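*Asks:* Below is the sequence, then the predicted model.
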Amino acid sequence: MPKSTNYEKFLEFRKIFPWFSFDNFSFSLSQKGLEVDFVFSLSGQITFLPRLFVPRKKWFRPDHEIEMLLPNILFQIGMIEMVSYWKAACPPLVKILPGSLTRDQVAWWKRCYFNGLGEFFYLNSIGTTLEDFMVIEADGGPVHPLMKIPVTGGIVIPVGGGKDSAVTLELVGKQKDSIPMIMNPRGATLQTICQFGFGDQEYIEIHRTLDPGLLALNDQGFLNGHTPFSALLAFVAVLAAILSGRKYIALSNESSANETTIPGTTINHQYSKSLEFENDFRNYLRNYITTDIDYFSYLRPLSEMQIARLFAGFHKYHAVFRSCNAGSREDVWCGKCAKCLFTFIILSPFLSSEKMKDIFGKDLLDDMELLLLFDQLTGGAEEKPFDCVGTISEVNLALCEKIRQCGKEKLPGLLDYYRTLPLYPSYSEKSFREAIDGFAAGHHVTGSLLSILKSALHG
């Protein structure tokens, strides 16, 4: 194993492991549900065997209706799943064996991988380009044709356990044949759909299992970092729509996700949550998978601050939602990460200080150990945190509004510090009301669903 800088590792690994292959996928339908196995290879030296499992529930369509529909979407899921394993050594050549891709598809996948791995390349100091980082060979496998899928309507709503998907669930969950989807269920996701009123047989459950060998390689010093999880979620949501006969997939990605993490670059931790990816995915879905399923983000017209405003009124989710990645396994707020601090800041203008302490266990705005993260969130540092957080502008506007609400009260430490910064007078002059009343133009929400969203925001 190379013992050097990450960029030197990148170059040396590409010599040791000159190719990566997506060898195969297989699936079976049984009384238990759908079981899927993928096979990837790192230059024939290391084999990876990740899995998907979808338990059979009452919403499952009959096997004879879906069996012929599965090869295409499972092949596509394998295409996005493999990037988690490819990145361990970043081989220059990628061989796709279980399916053929057109030249346009190859270009689409390269763009998806490259943009989705922007953070990975940046933090590992890997200098590479869209043209050079990989070559994809995919012209010898079977052709997976565009599919005609009989859908009956209804909406698949992916639920991640945070405030955003809770808002989507609350607003459209009562629509006919709406059904939540959870990837690797945990406390916050299960309690969120329970609070809405969905029972055990009334949600789509997806279990994704990573090959433990990948974690072992990470421990050995192979390359590691962020991958575009939301892109995987998009393809898996299409599988969920096929299995359940639903026409629509309503994500909960907001307009704030479009802002880059490193100012002046295209590097965005949330690339696969951005409008750019959403547009690309919609095109790929209708050109290469099916025209019968409509994928869109329901909250795209809104900012994180507007979502926080709506969420503040949905009290039944306040005790159960969790957005902290660090504390996700224990289903807690760690109180030390950027996601915790951002969520605290963005909710603070809409909930009382006591309510915020009840949710998070303490006043995060009074924790001076979070100063570095605070500066990153407000734009006082060179880069935003590499996490799913809102825009610099809305963070500053939320802080200014909270200071205004405090009046002559003693301010928590971080707010007192913020008031001394040049940012404060600059943002305090801007209209908080205009920021929470606006409606972003770039989105794919239409018809009655758009009316519901506008009514919730302005009603």
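*Replies:* Alright, I've got the coordinates. Residues are numbered from 1 along each chain as shown.
*Asks:* And stretch 46-66, end to end?
*Replies:* Start-to-end span of stretch 46-66 (CA to CA, to the nearest Å) is 33 Å.
*Asks:* How about stretch 61-80?
*Replies:* OK, stretch 61-80 end separation, CA to CA: 25 Å.
*Asks:* What are the contacting residues of it?
*Replies:* 22, 25, 27, 29, 34, 36, 38, 52, 96, 98-99, 109, 112, 142, 144-145, 147, 149-150, 228, 231-232, 235-236, 238-239, 242-245, 288-289 (CB atoms under 8 Å, 6 or more residues apart in numbering). No exception for glycine: its C-beta is placed from N, CA and C like everyone else's.
*Asks:* give me the element Y85 is part of.
*Replies:* helix 83-86 (DSSP states H and E).
*Asks:* So which residue is smack in the middle of this protein?
*Replies:* What sits nearest the mean C-alpha location of the chain, by CA atoms, centre = their mean, is S230, with 3.4 Å.
*Asks:* Quick check: closest non-adjacent residue to that one.
*Replies:* Using CB to CB, 6 or more residues apart in numbering and skipping residues adjacent in sequence, the residue nearest S230 is S272, 3.8 Å away.
*Asks:* who's in contact with D23?
*Replies:* So D23 contacts 39-41, 97-98 (CB under 8 Å, 6+ apart).
*Asks:* what's the spacing between stretch 99-108 and its chain's center?
*Replies:* How far stretch 99-108 lies from its chain's middle: 24 Å, per CA atoms, centre = their mean, to the nearest Å.
*Asks:* Quick check: buried residues in that stretch?
*Replies:* For stretch 99-108, the neighbour count (16 or more other CB atoms under 10 Å) marks 99, 101, 105-106, 108 as buried.
*Asks:* ok, back up a step: helices and strands around the helix holding Y85, which ones?
*Replies:* strand 33-42, helix 103-116 (3 or more CB pairs under 8 Å, 6 or more residues apart in numbering; DSSP states H and E).
*Asks:* The helix or strand following that helix packs against which elements?
*Replies:* If you walk from helix 83-86 toward the C-terminus, the next helix or strand you reach (DSSP H and E) is strand 93-96. Secondary-structure packing of strand 93-96 (3+ CB pairs under 8 Å, 6+ apart): strand 19-29, strand 135-137.
*Asks:* Relative to strand 93-96, what are the paired strands and their orientations?
*Replies:* In the sheet, strand 93-96 lines up against strand 19-29 (parallel), strand 135-137 (parallel) (DSSP bridges).
*Asks:* Out of those strands, which is the most enclosed?
*Replies:* Comparing these by mean neighbour count (mean count of other CB atoms under 10 Å), strand 19-29 comes out on top with a mean of 18.
*Asks:* Return that one as PDB; C-alpha atoms alone will do.
*Replies:* Output of strand 19-29 as PDB, limited to C-alpha atoms (Å, rounded to 0.1, in the frame of the first residue of the first chain):
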ATOM      1  CA  TRP A  19      -9.000  -1.200 -13.900                       C
ATOM      2  CA  PHE A  20     -12.300  -1.600 -12.000                       C
ATOM      3  CA  SER A  21     -15.200  -3.700 -13.300                       C
ATOM      4  CA  PHE A  22     -18.900  -3.900 -12.700                       C
ATOM      5  CA  ASP A  23     -19.000  -7.600 -13.200                       C
ATOM      6  CA  ASN A  24     -22.600  -8.600 -12.600                       C
ATOM      7  CA  PHE A  25     -25.800  -8.200 -10.700                       C
ATOM      8  CA  SER A  26     -28.500 -10.700  -9.900                       C
ATOM      9  CA  PHE A  27     -31.900 -10.700  -8.100                       C
ATOM     10  CA  SER A  28     -34.500 -13.000  -6.700                       C
ATOM     11  CA  LEU A  29     -38.200 -12.500  -5.800                       C
END
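*Asks:* returning to that earlier point: how about the secondary structure of the residue nearest to the centre of the chain?
*Replies:* When classified by DSSP: H, G, I helix; E, B strand; the rest coil, S230 comes out as helix.
*Asks:* contacting residues around it?
*Replies:* 251, 253, 270, 272-273, 277 are the contacts of S230 under CB under 8 Å, 6+ apart.
*Asks:* Turn the strands paired with strand 93-96 into JSON lines, columns for mean pLDDT and distance to P91.
*Replies:* Listed next are the strands paired with strand 93-96 as JSON lines, based on pLDDT from 0 to 100; distance: least, CB to CB, whole Å:
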{"stretch": "strand 19-29", "mean pLDDT": "98", "distance to P91": "4"}
{"stretch": "strand 135-137", "mean pLDDT": "98", "distance to P91": "10"}
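*Asks:* closest to L450 out of those?
*Replies:* strand 19-29 (36.5 Å; CB to CB).
*Asks:* circling back: put together TSV for the contacts of D23, with neighbour count and distance to L351 on each row.
*Replies:* What follows is these, written out as TSV (neighbours: other CB atoms under 10 Å; distance: CB to CB, whole Å):
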residue	neighbour count	distance to L351
V39	19	49
F40	24	45
S41	20	51
L97	17	53
P98	22	50
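*Asks:* Pull out the buried members of the contacts of stretch 61-80.
*Replies:* Buried among the contacts of stretch 61-80 (16+ other CB under 10 Å): 22, 25, 29, 34, 36, 38, 52, 96, 98-99, 109, 112, 144, 147, 149, 228, 231-232, 235-236, 238-239, 242-245, 288-289.
*Asks:* And for S431, the neighbour number?
*Replies:* S431 has 9 neighbours, counted by other CB atoms under 10 Å.
*Asks:* okay, it: pLDDT?
*Replies:* S431 is assigned a pLDDT of 87 by the prediction.
*Asks:* The one 5 residues further on too?
*Replies:* The confidence metric pLDDT takes the value 88 at I436.
*Asks:* cool, A440 as well?
*Replies:* Predicted confidence (pLDDT) for A440: 88.
*Asks:* how about the strands in the chain?
*Replies:* Listed in chain order, the strands of the chain (DSSP state E) span residues 19-29, 33-42, 46-48, 51-55, 93-96, 135-137, 155-158, 179-183, 204-209, 248-251, 294-297.
*Asks:* hey, what's P180 bridged with?
*Replies:* I157.
*Asks:* Hmm, it is touching Y203, no?
*Replies:* Yes: using CB atoms under 8 Å, P180 is in contact with Y203, at 4.5 Å.
*Asks:* Pull up the overlap in contacts between these two.
*Replies:* In contact with both P180 and Y203: 159, 193, using CB under 8 Å, 6+ apart.
*Asks:* what packs against the lowest-mean-pLDDT helix or strand in the chain?
*Replies:* Ranked by mean pLDDT, DSSP states H and E, the weakest helix or strand in the chain is helix 432-437, scoring a mean of 86. With contacts defined as 3+ CB pairs under 8 Å, 6+ apart, the packing partners of helix 432-437 are helix 304-312, helix 392-406.
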